[in-house]
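A.B. asks: Fold the following for me, if possible:
(one chain, ligands or ions: 1)
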Amino acid sequence: MDVICHTIPVTEPSDHTGAQLDHLVRRGWTPEGGQDSILPNHATRWLSARTGLVETSTPVAPDSALVVGEPRLPDGVRDALAAVVGTEHVLLGRDDRLGRAGGMSYVDLMRHRGTGDLAVPDAVVVPADPEQVQRVVELCAEHRIGLVPFGGGTSVVGGVTASAGDLGAVVVLDLCRLDRLVSVDPVSRLAVLQAGVTAPDAERMLAAHGLTLGHFPQSFERATIGGFAATRSSGQASAGYGRFEDMVEGLRLATPRGEWRLGVSPASAAGPDLRHLVVGSEGAFGVLTEVTLRVRQRPTVRRYEGHVLDGWTAGTAAVRALAQAGVLADVTRLSDPHETDLAFALSGGWKTALVRRYLRARGVADPCLLVLGWEATSAAELAARRRASLRVLRSARPVTLGTVIGEKWRHGRFHGPRQRDALLDAGVCVETLETATYWSNLDALRSAVRAALVDVLATDGRRPVVACHVSHAYETGASLYFTVLVPRDLDDPLGQWGRAKAAACAAITATGGTISHHHAVGVDHAPYLPAEIGPLGVDVLGAVKRELDPSGVLNPGKLLG
Ligand SMILES: Cc1cc2nc3c(=O)[nH]c(=O)nc-3n(C[C@H](O)[C@H](O)[C@H](O)COP(=O)(O)OP(=O)(O)OC[C@H]3O[C@@H](n4cnc5c(N)ncnc54)[C@H](O)[C@@H]3O)c2cc1C
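C.D. replies: Residues are numbered from 1 along each chain as shown. Below you'll find the model as predicted:
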């Protein structure tokens, strides 16, 4: 068999005893003092004029102000866990526990800044391999200790909130030591990766074999293979490489009932595809330890370019035409006029002013930026695919801006979250949410969500920015991704966003969208899941949960509420 087996450590020597994941990262995206996190003056000025932002300095509370209780883990359980993973890999220190207290939603970040209650785990357990994960899962089930699987901790829906539920204690299972590329099958184009491998490390290890996964979510720099599979993640190049679940060929899952392995062939008629019970199960059915993934040849050429369509209707019609003709670029991303305006305002500078003037001269009243990016293994292939896309796009009469804007987007594609830290410092409530629907319902859904958010957030002189884009398009429909910026209600920041999020979710449910296209359910969307899958669907998921996790210790409160 033509299978090369590898066990390649990512870091030499590997030391994941807590130093790797500094607790400060929970507070923001950028390392302390990172230059990217500075908000330029022109952006602050624009925000003040556009949104009514008054207070522009709201620094974080010192760490010492955060309330962290004593660990409630019984001594016997701590010793049993230590016997499996080693004493040094059962972390009980304040900083280690704070470092895995929650994910990266606005609410999570605000809690780390000293607002509201922070759910801090009683311990962090850092196993070395799938066998240790299995033993830890069994121990937690035996002693009825809650267990929260933790990959990159980038969940924005409360997926890694350390809730104990009705259990006495909760531990976070940090998978960072499961960091190996286990094997590569270049003939079948398959790779087996351990669950804790981060996206950059996956790409680096696969690149050594001339391969790529092609999964580039905006959380790329931190998120992990296990997290992607557990949340049905979708990357920026999903039109070319597919959503993460399209890449999953096989799985290894540690459950309280024993290990479950799935996936033996590229297709099968042997009953329902049970892999899809595990993909998207958000740690509630088991802990993924290894994922077998379809990989592709690494591209050698790429071209990213910007086009502008006049108005949202023309823009979405163009993306629909590309999708239905089967000629989407690998990255196809359409911003609505609000997001286009926001992007221009935040980048500022004379070049942006020139672009705005050029668009006005070309008679574009409502600019909608469309970024198209193609990646290929030869210039000829890229040229052919680009020609096919542009032939369809031409009928939408785009104004073409060339590669400068496309390349600028590509270089900054992971940088958005860094500005989020600076925006929080500047007293802005900044958050995103997403949904998807069929093409015939897309405009109605966008209008309903926009209206709901503006209605709740436009109070006391605040003028919210609600920007939207399509970044995942299909033959039958597309995702909608909203970015919200509004001056923070300094007296009730969590209530302000809580009301807005509830209104947006209600609008999504009432207008026939999905409660999540790629962020998953977590805690935040759990109340809205029954409306989407029906009471029978909830019963089916509940039955699977009871079968795999009879004592209910796995990720309490997630997915099923
Ligand atoms: C700035 C930012 C940008 C983002 N952009 C995108 C985007 O473009 N596309 C996208 O899809 N998502 C995006 N997200 C959301 C998030 O990154 C994804 O949900 C990602 O898949 C989570 O990966 P993770 O390793 O960080 O998982 P975590 O946040 O650690 O966990 C997510 C969920 O999966 C569970 N889980 C984690 N590992 C395992 C495992 N091994 N076994 C079982 N369960 C597990 C956790 O318990 C939790 O419920 C973004 C988030 C942020 C903060």
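A.B. asks: need the residues of this structure near the ligand, please.
C.D. replies: 103-104, 148-156, 159-160, 175, 195, 217-219, 223-224, 226-228, 230-231, 233-234, 282-283, 287-288, 417, 518-520, 522, 555, 558 (CB under 6 Å from any ligand atom). Backbone N, C-alpha and C define where each C-beta goes, glycine included.
A.B. asks: give me that answer again for 5 Å
C.D. replies: Proximity of the chain to the ligand is confined to 104, 149-156, 159-160, 195, 217-219, 223-224, 226-228, 230-231, 233-234, 282-283, 287-288, 417, 518 under the rule CB under 5 Å from any ligand atom.
A.B. asks: Of those, which belong to helices?
C.D. replies: Among the residues of the chain next to the ligand, the members found in helices (DSSP state H) are Gly226, Gly227, Phe228, Ala230, Thr231, Pro417.
A.B. asks: Reformat those as JSON lines; add neighbour count.
C.D. replies: Formatted as JSON lines, these follow (neighbours: other CB atoms under 10 Å):
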{"residue": "Gly226", "neighbour count": "26"}
{"residue": "Gly227", "neighbour count": "32"}
{"residue": "Phe228", "neighbour count": "31"}
{"residue": "Ala230", "neighbour count": "32"}
{"residue": "Thr231", "neighbour count": "29"}
{"residue": "Pro417", "neighbour count": "20"}
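A.B. asks: residue ranges with poor pLDDT in this structure?
C.D. replies: 1-37 (pLDDT under 70).
A.B. asks: residue contacts, the residue of it positioned farthest from its centre?
C.D. replies: Seen from the C-alpha centroid of the chain, the residue lying at the greatest distance (CA atoms, centre = their mean) is Ala361, 38.4 Å away. Ala361 sits next to no residue when contact means CB atoms under 8 Å, 6 or more residues apart in numbering.
A.B. asks: Kindly report the same for Ile225.
C.D. replies: Applying CB under 8 Å, 6+ apart, the residues near Ile225 are Gly151, Leu193, Gln194, Ala195, Gly196, Val197, Ala199, Ala202, Leu288, Val291, Leu293.
A.B. asks: My read is that the second one contacts Glu290, right?
C.D. replies: Think Leu193. Yes. Counting by CB atoms under 8 Å, Leu193 does reach Glu290; the two are 7.0 Å apart.
A.B. asks: Which one's more surrounded, those two?
C.D. replies: Ranked by neighbour count (other CB atoms under 10 Å), Leu193 and Glu290 place Leu193 first, with 27 against 24.
A.B. asks: Could you find the closest non-adjacent residue to that one?
C.D. replies: Once flanking residues are discounted, Leu193 sits nearest to Ile225: 4.8 Å by CB to CB, 6 or more residues apart in numbering.
A.B. asks: How about Leu81?
C.D. replies: Per CB to CB, 6+ apart, closest to Leu81 is Val90, 5.0 Å.
A.B. asks: residues contacting the one you found?
C.D. replies: Val90 touches Arg78, Leu81, Ala82, Ala123, Val124, Val125, Val126, counting by CB under 8 Å, 6+ apart.
A.B. asks: Any idea what it is bridged to?
C.D. replies: In this structure, Val90 bridges to Val125 when assessed by DSSP bridges.
A.B. asks: same thing with Gly306?
C.D. replies: Applying DSSP bridges, one finds that Gly306 bridges with Val371, Gly402.
A.B. asks: thought it was touching Pro398?
C.D. replies: No. Counting by CB under 8 Å, Gly306 stays clear of Pro398, with 9.5 Å between them.
A.B. asks: Please enumerate the shared neighbours of the two.
C.D. replies: Leu370.
A.B. asks: quick revisit: return a PyMOL selection command for the buried portion of the residues of the chain next to the ligand.
C.D. replies: With 16 or more other CB atoms under 10 Å as the criterion, this PyMOL line picks the buried residues out of those:
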select buried, resi 104+149+150+151+152+153+154+155+156+159+160+195+217+218+219+223+224+226+227+228+230+231+233+234+282+283+287+288+417+518
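A.B. asks: At which residues are the helices of the stretch 351-500 of the chain located?
C.D. replies: Using DSSP state H, counting those that start in this stretch, the helices of the stretch 351-500 of the chain run over 379-393, 403-411, 416-425, 442-457, 493-511.
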